[in-house]
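Asker: I would like to see how this sequence folds:
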Amino acid sequence: MKQAVVEISRVRLGLGIASLFGVLWLLVLQVDRVAPGPLAPTHAQVAELVGRGGCKRCHGEDERDMAASCNECHEEVGKQLRDGSGFHGQLAAVEVAECGTCHQEHLSGAFPLVSTLSFRNAGFPTREAYDHAELDFELRGRHAALVCRDCHANADLAVLPEDEPRFLGLDQSCKACHEDAHEGRIVRDCAACHGQEHPFALVASFEHASFESECAHAAATCVQCHPRGSLQDVELLASADPPACRRTCQDCHQSSHGADFITAVAVLAGRAKGRTCEFCHSEAHSAFAGHPEAMPPGLHVASGFSLEAPHNAVACSGCHMGVEGDELVPFVLQVPARQAGDCAACHGDPHAGQFAAGPFAEATCLSCHERLAFEPSDFGLEEHLRTEFPLEASHEAVACSQCHEVEHPGEPRRFRGTEATCESCHADAHQGAFAPAAELPEEASAGCAHCHRPTLFSEYEAEAFEHGAWTGFVLDGAHERAECEACHERSARPDEAGRTFGVIAALFGEGTEDCETCHADPHDGRFDRPGLPETVADRDGCARCHTSEDFVTLHDEPFEHERWTGYPMAPFHADVECAKCHEPAPLPDQFGRTFGRALTACADCHADPHVGQFVVEGVTDCTRCHMDAGGLAFDHQRDSRYALDEIHAPLACAACHVPWPLPDGGQAVRYKPLGTKCVDCHDPDFVERNKGKFPRRPKERDLSPRGVGR
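Answerer: Next up, the predicted model:
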């Protein structure tokens, strides 16, 4: 008895020591955690910032604050703050000394340090809204149409390579981005001649002293008038005052008029024949076309058509026949005379009757178009209100041609009958995922507009989206509290629709309504075996037992142990605590569980009272003889090598199976091996005299446990 007490004390001491080590291990795991969340991907790749030592590296130590720590790595930013220069040095909307205001750490492994939120906290609604003029580099013309990554190659990277800048470090000189076509022969600033608004070949910012700014020569390239290698080479003249070399039209252009015509013009204008071009032609007109002064308006009135606006600015060839080869074709008199306001007399209907009916049926060409030119039209936002599709938000800035297209070459641009749904112009970024939303017929009919605002698709009404109705997956319990990105993991790069929002099917494959889509089965499929219930109270899968609150919380229905495991609990195990058979583990497994695996063999919990007499091939199967409901299942006739006759059957088991001493001082009932001969239990002389009719008195037997286990 004392020895048993000592053994129990040792077991308790061992369990205490194991529990102490388990608690200490959990403390080590907790201490090793890095603050409230993971580092941003860009910082996470820097070895010295990872782990507990990285905290001091960023958050400062001794007298150094966090901003000083940031500036120690980001030296150029620190210089901007000290000098009041550059992007960071000119910020006024935030306290720039607090770097974390714009660059937030420990949010999520996928949350970038430089985001839309960073620019918003810095005082700019979006990254694209930042005005580079604050950096003495105003983006105009072609530069205004560029996106950030066109100049800042790392602007859109989710994870910035170590020691590489995202926006800083660029040179503002033209030659930093553009090839020098002059190969260094011109030392003046490129912008002095080229500007930013037009292609370089136009040299739009150069003020030409010899021609008016609107003259036709402005459309010519420099080398057309200043060939390289000539005395007029622009690269030779760029650094010096240009020579006084006034040239006449004939110096560069060949006249297409006949000699008689030129003579007549010279007489009428009172000029020499070599300087008659200006009488009819002006440098301000392209293609050297004639202008109204070539024929006095008073003379033109006699033709029956007064040259009033806009026809007073139309070239003669616009209404009359033009030039064929080198000969001038005579002008043709139009009969009957036309009126200046009757557009249809000369111009066909480019809209092919689309406005002949409807709200604009009474309108004329001049109702929408200026007299001077058909483009741009005067049909604006106010006029569009009279249509079935009023323009608002982002649609206000869309060019007409983007929605009203020319469907087939030679056909008029389509205005009437243009589709007004989002899908008619925009591709479905959801790839038809919400098409089967039959639960919301009225809302579904609104299409994209039910959730998305007309400003940008990225702006949406979160309350308008009911996850259960639109996807068939109701968000409740832990799913309701989870962030969208927990299941819809954002991709590193936008897709063709510009989205980074993760698609469930792309991440987990088809059939994403089961728990196993996101969660591994900690039961290894034990409860999905054939014959087990597929549903419980109309719930299937993990929901048969678990709620969506967490895996620990179960439904109210009791767990039927025998039904689900095949192991009955009644009558002896019904009141046993679960932990007795499912011993908790000292540390959670990969699923966070400490619930122990089931102990299914009797010997796992109970000592063998038969000290190995019934071990078969190394296994003791108690159920061969004992039943859970009590009683014995042992049949002496069937399960032993000695069938009981009418004499032995009435005997109690203890008459033949008596206790025998064990080496440790205990006792055990001996069942095997026992002899099956008469003399094994009765005296030999009685056997001989009685010929098998023995008195019911056993002989003295050897009770030692010899042969046990053989």
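Asker: residue ranges of the strands in the stretch 551-700 of the chain, please?
Answerer: With DSSP state E, counting those that start in this stretch applied, the stretch 551-700 of the chain shows strands at 615-616, 619-620, 659-661, 667-669, listed in chain order.
Asker: Please apply the same query to the stretch 301-450 of the chain.
Answerer: For the stretch 301-450 of the chain, the strands defined by DSSP E, counting those that start in this stretch cover 323-324, 327-328.
Asker: what's the helix or strand for residue 114?
Answerer: Secondary-structure assignment from DSSP states H and E places residue 114 in no helical or strand segment.
Asker: Just give the closest residue to it, not the sequence neighbours.
Answerer: In space, and not counting its chain neighbours, residue 114 is closest to residue 166: 5.9 Å by C-beta to C-beta, 6 or more residues apart in numbering. In short, each C-beta sits where N, CA and C put it, glycine included.
Asker: didn't that neighbour look like it was pressed against residue 159?
Answerer: No: the criterion here is C-beta atoms under 8 Å, and residue 166 misses it with residue 159 at 11.0 Å.
Asker: worst-scoring helix or strand of this protein, pLDDT-wise?
Answerer: For the chain, the helix or strand with the lowest mean confidence is strand 327-328, at a mean of 39 (criterion: mean pLDDT, DSSP states H and E).
Asker: Residue 420 contacts residue 389, correct?
Answerer: Yes: contact criterion C-beta under 8 Å: residue 420 and residue 389 qualify, at 4.2 Å.
Asker: Could you say which of the strands of the stretch 551-700 of the chain is packed most deeply?
Answerer: The highest mean neighbour count among the strands of the stretch 551-700 of the chain, using mean count of other C-beta atoms under 10 Å, belongs to strand 667-669: a mean of 15.
Asker: Relative to residue 384, how far out is residue 393?
Answerer: Note on residue 393: its distance to residue 384, by C-beta to C-beta, to the nearest Å, is 13 Å.
Asker: and if you look at residue 592?
Answerer: Taking C-beta to C-beta as the criterion, residue 592 is separated from residue 384 by 59 Å.
Asker: Compare neighbour counts for those two and give me the winner.
Answerer: Legend: neighbour count by other C-beta atoms under 10 Å for residue 592 and residue 384, higher for residue 384 (16 against 10).
Asker: Next, count neighbours for the nearest residue to that one once chain neighbours are set aside.
Answerer: Excluding its sequence neighbours, the residue lying closest to residue 384 (C-beta to C-beta, 6+ apart) is residue 391, at 4.9 Å. Residues lying near residue 391 (other C-beta under 10 Å) number 18.
Asker: go on, residue 114?
Answerer: Neighbours around residue 114, by other C-beta under 10 Å: 19.
Asker: From residue 43, how far off is it?
Answerer: According to C-beta to C-beta, residue 114 stands 12 Å off from residue 43.
Asker: what touches both of the two?
Answerer: Counting by C-beta atoms under 8 Å, 6 or more residues apart in numbering, residue 114 and residue 43 have no common neighbour.
Asker: element containing the closest residue to residue 141 other than its chain neighbours?
Answerer: Among residues not flanking residue 141 along the chain, residue 197 sits closest, at 3.3 Å (C-beta to C-beta, 6+ apart). Following DSSP H and E, there is no helix or strand that holds residue 197.
Asker: Domain parsing of this structure, as residue ranges.
Answerer: Using automatic domain parsing, the domains assigned to the chain come out as 41-172, 341-420, 423-513, 604-690.
Asker: so what's residue 567 up against?
Answerer: By C-beta under 8 Å, 6+ apart, the contact list for residue 567 reads 561, 598, 600.
Asker: Just the buried subset of these, please.
Answerer: Applying 16 or more other C-beta atoms under 10 Å to the contacts of residue 567, the neighbour count classes residue 561 as buried.
Asker: possible to save the contacts of residue 567 as a markdown table with distance to residue 654 and pLDDT?
Answerer: Formatted as a markdown table, these follow (distance: C-beta to C-beta, whole Å; pLDDT from 0 to 100):
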| residue | distance to residue 654 | pLDDT |
| --- | --- | --- |
| 561 | 35 | 84 |
| 598 | 35 | 74 |
| 600 | 31 | 70 |
